[in-house]
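Asker: fold the stuff below for me.
(2 chains)
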Amino acid sequence: MFDILRIAWRNIGRNRRRSVLSAAAVAFAVAVLCFSMALQQGSYAQMIHNTVRNRTGHLQLQHVDYWPDRELTKRMTGIDTLMTAVADTPHMVAAAPRIQTAALVSSDDRTFGATIQGVSPEAETMVSTAADKVITGRFLTDTDIDGAVLGSMLARNLGVSAGDEIVFVGQAADGSIAAGTLTVTGTIQSGMSEIDRSLVIMHVRHVQTAFSMPDAATEIAILLESDRVRSAAHDAIADCLRAVKAEHVAVVEWPTVLPGVEQSMKLDWISGLIMYVILVCVVGFGIANTYLMAYLERIHEFGVLLSLGMRPRLLSMLVYLESALLTLAGIATGLAAGVPIVMYLNHVGLNFGKQAETLMASYGLSAVVYPQLSPLVVGCAVGIVGGVTLTLALYPAIRAANLKPVEALRHA
Amino acid sequence: MPLVSVKNVNKAYKTGATEVHALRGVDLDLETGEFTAIAGPSGSGKTTLLNIIGGLDTISDGSVVVADQDISGLKPRQLHELRLYQIGFVFQAYNLIPVLTACENVEFTMLLQGVPRDERRRRATEILDRVGLTDQMHRRPAAMSGGQQQRVAVARAIVTKPRIVLADEPTANLDSQTGTNLMAVMKQLNEEEAITFLFSTHDQMVMSHARRLIRLHDGRVESDTTA
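Answerer: Now for the predicted structure:
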């Protein structure tokens, strides 16, 4: 086998320019795929980071019946006990109780529907980046019981700014009317219009009082060290909850809370893979043409080898090995060139510029994306290029296996 | 039992709508140790007859027995075995593998047979010495003259000790002096190693070296004479 491999390797050197060009095409395809997929993965990581830091946390504790209707009657109670129970769970960075509900908010003669988010300000700043997104005024503190931070577009629509008062009216957990007055402490801009148009952040204690749900919350958002440990942390927290007999509380992961985010990433990844396969097929046919040429111009020689007693299967293997070695050389070169570039961009980031900022913000991304190299990226790039190229290389190998010695010898 | 027995062999090709009769009722027996030439003009059927005896081509009618095997009934795999172990080939255009050295070319058929590396190298060195190419062992074909390449081809054909060597116009691409030298080498191997040679030619010098001369014309044996 080693001798056949050696002969195959030497055969590649027969037409060096052609072999180098073929390997370069494979290398280029691998490098481009590595870069593109790493860019996709980097943007997904950023989307996940933004999602968990802006909205959901990696995990949430919820009443077992809260999802998906999200009614206030399906709330958790004994929040302090729950917070204490999960406080020392492995991989956990911070946890913050929240109450999510809806209400009407008014200022003078203007009224808009709003998403009320009751938060514990100090804990919230540990879990989310909401405080970092304040553009006017300031975020809530633990003493701002009657304070509120508004989404920038909602504040504009209501015509209010920091220091102004607004009124909210909603339905409490017991069915009564929940109402109150809030003083705007600041406005935030998340970059996502549906949030900026409707968000009202209030102190959780004010919401508990106004909506008749003392010592209760609709969710406890949990921030983990990274998304990779989500599954392990989920199990650990579930164990903690069982230990304190909190059977009414469920651990929910962010993809359940915001399924659209994960689905859009999956859809983007799969459609990307399909596009890559199509592109690599286009490149692959060019490479396959080279492999076929290398076969066609040596048919007479193959006839000689068959005459000498070489089995067709071994001849076929020799032809295939030549293509495979060239492909492998191209893949190795592509990785050697592509991986350092991606790693460098992972370090410095790829800036898409000011013009892309608004568009990318609407997808929950910043204008600087950090491509992320992973075994999945390398595996997919190598798998697609190698798979397509090696599949197309089967054609000359199959033809070689079916050669008739005398016909091959007659070939000029 | 003759080493090669060709009985009433016909071979017809289809070229478009026309049928070309390359061989018409050829009868031929070859004994072990013969040094035989098949002569005749182009298109007389020399190469076709060699290809049939070598198991490279099929017959339309008749029977061919080589090394006790009726090759018309052999499966492709058995024909490969026959060629690998019983028959050596020498081609007109040398047809060495260009990426292998002279020594590696000679080793190639032994490689196919699964002979261990050291044994291959020992036998290849020995046979190259026998054909006077010890100093060319590590050269590739492109760095050798036509005569040297054809001697490597002969060494490759005989190194596995086949029952018969089939040589298709082995001197056609060589000048007369080199051709004469090659014939001398082949004849010496025939006499000293008792290797059976059957070669096609239309070269008078080659015919003069043969101990038996079979003349073909229009696919028929015209004459069969032994010196």
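Asker: where's residue 179, which helix or strand?
Answerer: Answering for chain A, as no chain was given. strand A:177-188 (DSSP states H and E).
Asker: chain B, not that one
Answerer: Residue B:179 is part of helix B:176-193, with elements assigned from DSSP H and E.
Asker: could you point out which element follows that helix?
Answerer: Next along the chain from helix B:176-193, counting by DSSP H and E, comes strand B:196-201.
Asker: so what's residue B:159 up against?
Answerer: B:106, B:107, B:109, B:110, B:123, B:124, B:127 (CB atoms under 8 Å, 6 or more residues apart in numbering or on different chains). Using the backbone N, CA and C atoms, a C-beta is placed for each residue, glycine as well.
Asker: same question but for residue A:7, I mixed them up
Answerer: Residue A:7 neighbours (CB under 8 Å, 6+ apart): A:318, B:97, B:99, B:100.
Asker: surely the second one is within a strand?
Answerer: To tie it back to what came earlier, the one meant is residue B:97. No: under DSSP: H, G, I helix; E, B strand; the rest coil, residue B:97 falls outside any strand and is assigned coil.
Asker: where does the residue in chain A that chain B sits nearest to land in three-state SS?
Answerer: Going by CB to the nearest CB, chain B is nearest to residue A:309 of chain A, at 2.7 Å. Three-state call for residue A:309 (three-state DSSP): coil.
Asker: ok so, going back, of the contacts of residue B:159, the lowest pLDDT goes to which?
Answerer: Looking at these by pLDDT, the weakest one is residue B:127, with 90.
Asker: pull the residues that contact the helix or strand harbouring that one.
Answerer: Residue B:127 is part of helix B:117-130 when elements are defined by DSSP H and E. The contact list for helix B:117-130, computed with CB under 8 Å, 6+ apart, reads A:3, B:102-104, B:106-107, B:110-111, B:115, B:134, B:136-137, B:152, B:155, B:158-159, B:189.
Asker: go with 6 Å
Answerer: B:103, B:106, B:107, B:110, B:134, B:137, B:155, B:159 (CB atoms under 6 Å, 6 or more residues apart in numbering or on different chains).
Asker: what angle sits between the helix or strand following it and helix B:176-193?
Answerer: Next along the chain after helix B:117-130, taking DSSP H and E as the criterion, comes helix B:146-158. Angle of helix B:146-158 versus helix B:176-193, following axes from the mean of the first three to the mean of the last three CA atoms, to 10 degrees, is 20 degrees.
Asker: state the next helix or strand along the chain beyond helix B:146-158.
Answerer: strand B:164-168.
Asker: show me what that next one is packed up against.
Answerer: Strand B:164-168 sits against helix B:46-53, strand B:87-90, strand B:196-201, with contacts defined as 3 or more CB pairs under 6 Å, 6 or more residues apart in numbering or on different chains; DSSP states H and E.
Asker: neighbours around the closest residue to chain A within chain B, how many?
Answerer: Chain B approaches chain A most closely through residue B:84 (2.7 Å), counting by CB to the nearest CB. By other CB atoms under 10 Å in any protein chain shown, 19 other residues sit near residue B:84.
Asker: in contact with the most centrally placed residue in chain B: list those residues for me.
Answerer: In chain B, the centroid-proximal residue (CA atoms, centre = their mean) is residue B:166; its distance is 1.6 Å. Remark: with contacts taken as CB under 6 Å, 6+ apart, residue B:166 is in contact with B:50, B:54, B:89, B:198.
Asker: report pLDDT for the closest residue to the first one other than its chain neighbours.
Answerer: So that's residue B:50. Sequence neighbours aside, residue B:166 is the residue nearest to residue B:50 in space, at 5.0 Å (criterion: CB to CB, 6 or more residues apart in numbering or on different chains). Residue B:166 is assigned a pLDDT of 95 by the prediction.
Asker: tell me the bridge partners for residue B:166.
Answerer: residue B:89, residue B:198 (DSSP bridges).
Asker: now do the buried residues in the helix or strand bottoming out on mean pLDDT in chain B.
Answerer: Least confident element among the helices and strands of chain B, by mean pLDDT, DSSP states H and E: helix B:176-193 (a mean of 86). Within helix B:176-193, the residues that count as buried by 16 or more other CB atoms under 10 Å in any protein chain shown are B:178, B:179, B:180, B:181, B:182, B:183, B:185, B:186, B:189, B:190.
Asker: for the second one, what are its contacts?
Answerer: The one in question is residue B:179. So residue B:179 contacts residue B:171 (CB under 6 Å, 6+ apart).
Asker: how many neighbours does residue A:249 have?
Answerer: Here the count is done by other CB under 10 Å, and residue A:249 has 24 residues near it.
Asker: try residue A:202
Answerer: Neighbours of residue A:202 using other CB under 10 Å come to 26.
Asker: equivalent analysis for the one 10 residues further on, please.
Answerer: Here the count is done by other CB under 10 Å, and residue A:212 has 16 residues near it.
Asker: how is residue A:305 assigned, secondary-structure-wise?
Answerer: Using three-state DSSP, the structure places residue A:305 in helix.
Asker: report the buried residues of the helix or strand containing residue A:395.
Answerer: Here residue A:395 sits within helix A:394-401, counting by DSSP H and E. Buried residues in helix A:394-401, counting neighbours by 16+ other CB under 10 Å, are found at A:394, A:395, A:396, A:397, A:399, A:400, A:401.
Asker: now the helix or strand bottoming out on mean pLDDT in chain A: how far from the chain's centre is it?
Answerer: Least confident helix or strand of chain A, by mean pLDDT, DSSP H and E, is helix A:354-361 with a mean of 73. When C-alpha coordinates are averaged (CA atoms, centre = their mean, to the nearest Å), helix A:354-361 and its chain have centres 19 Å apart.
Asker: export that helix as CSV, just CAs?
Answerer: Provided in CSV are the C-alpha atoms of helix A:354-361 (Å, rounded to 0.1, in the frame of the first residue of the first chain):
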residue,chain,number,x,y,z
LYS,A,354,-20.6,52.9,10.5
GLN,A,355,-23.0,52.3,7.6
ALA,A,356,-23.6,48.7,8.7
GLU,A,357,-24.2,49.6,12.3
THR,A,358,-27.9,50.3,12.2
LEU,A,359,-28.7,47.3,10.0
MET,A,360,-26.7,45.0,12.2
ALA,A,361,-28.2,46.4,15.3
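Asker: immediately after that helix, which helix or strand?
Answerer: Using DSSP H and E, the first helix or strand after helix A:354-361 is strand A:368-369.
Asker: pLDDT of that following strand, averaged?
Answerer: The average pLDDT for strand A:368-369 rounds to 86.
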